[in-house]
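Enquirer: Have a look; sequence and predicted model below, questions after that.
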Amino acid sequence: MLEITMSAESPVAVRRPQRADARRNFDALLAAAREAFGEHGTEASLEDIARRAGVGIGTLYRNFPTRQDLFETVYIGEIEQLCRTADEVADLPPWEALVSWLHRFVAYTATKRAISEALNRDSAMFRHCRSEIYRVGEPLLARAQAAGTVRPDVTFDDTLRMISGLTAAGFVDAAQRERVLGIALDGLRTR
């Protein structure tokens, strides 16, 4: 699981509140920010995010002193969810586990795309998050390959590039996105 800690040296720094009410506000702000960034990109209004979360702007700034802090925390939250999903699907049959995780990866790419211009791709945080994606995803692909359900000539990097490329395209609706993703995933299967 991705370790999230607050220290000056940590490449990934998020401080989650300890009190239940503060934690609810923090989580509501992250959910509202994810939604607002998805709709409006990095230009989403912080006041709108606070309103969507049902808190005041002061609460937003107490949790996220800068817009960059909010971008990075939303991004790290997506990585954490990817890691949790890998744990959650681990007991599924190999093909189902891989496909379930890749569906969650598609949701992650939507958030990443919305805030990508604000992320420093050379930062330690970004590199750490990328390594976490590979750490949890590579075993899912390897397990599906060992079970004979995925082509042996496919690498995890190939798979991520294919899925990322697909999600960069605009879709008419969610049904079309799922259909195109299904076609791509079919190409991973052993014949």
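Expert: Perfect, I can see it now. Numbering: from 1, shown residues only.

Enquirer: In this structure, what residue spans correspond to helices?
Expert: Using DSSP state H, the helices found in the chain span residues 20-40, 46-53, 57-63, 67-89, 94-115, 124-146, 156-168, 174-186.

Enquirer: For the first one, name the packing helices and strands.
Expert: Packing contacts for helix 20-40, counted by 3 or more Cβ pairs under 8 Å, 6 or more residues apart in numbering; DSSP states H and E, involve helix 46-53, helix 57-63, helix 67-89, helix 94-115. C-beta: built from backbone N, CA, C; applies to glycine.

Enquirer: Report the buried residues of the first one.
Expert: Judged by neighbour count using 16 or more other Cβ atoms under 10 Å, the buried positions of helix 46-53 are L46, I49, A50, R52, A53.

Enquirer: Which strands and helices lie in contact with the helix-or-strand element of the chain with minimal mean pLDDT?
Expert: Scoring the helices and strands of the chain by mean pLDDT, DSSP states H and E places helix 94-115 at the bottom, with a mean of 86. Packing contacts for helix 94-115, counted by 3+ Cβ pairs under 8 Å, 6+ apart, involve helix 20-40, helix 67-89, helix 124-146, helix 156-168, helix 174-186.

Enquirer: Make JSON lines from those and add mean pLDDT, mean neighbour count and distance to R104 to it.
Expert: Below are the helices and strands packed on helix 94-115 laid out as JSON lines (pLDDT from 0 to 100; neighbours: other Cβ atoms under 10 Å; distance: least, Cβ to Cβ, whole Å):
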{"stretch": "helix 20-40", "mean pLDDT": "90", "mean neighbour count": "17", "distance to R104": "14"}
{"stretch": "helix 67-89", "mean pLDDT": "91", "mean neighbour count": "20", "distance to R104": "4"}
{"stretch": "helix 124-146", "mean pLDDT": "93", "mean neighbour count": "17", "distance to R104": "10"}
{"stretch": "helix 156-168", "mean pLDDT": "90", "mean neighbour count": "16", "distance to R104": "11"}
{"stretch": "helix 174-186", "mean pLDDT": "90", "mean neighbour count": "13", "distance to R104": "12"}
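
Enquirer: Serialize these to TSV and add fields for distance to E96.
Expert: Below are the helices and strands packed on helix 94-115 laid out as TSV (distance: least, Cβ to Cβ, whole Å):
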stretch	distance to E96
helix 20-40	26
helix 67-89	7
helix 124-146	9
helix 156-168	16
helix 174-186	11
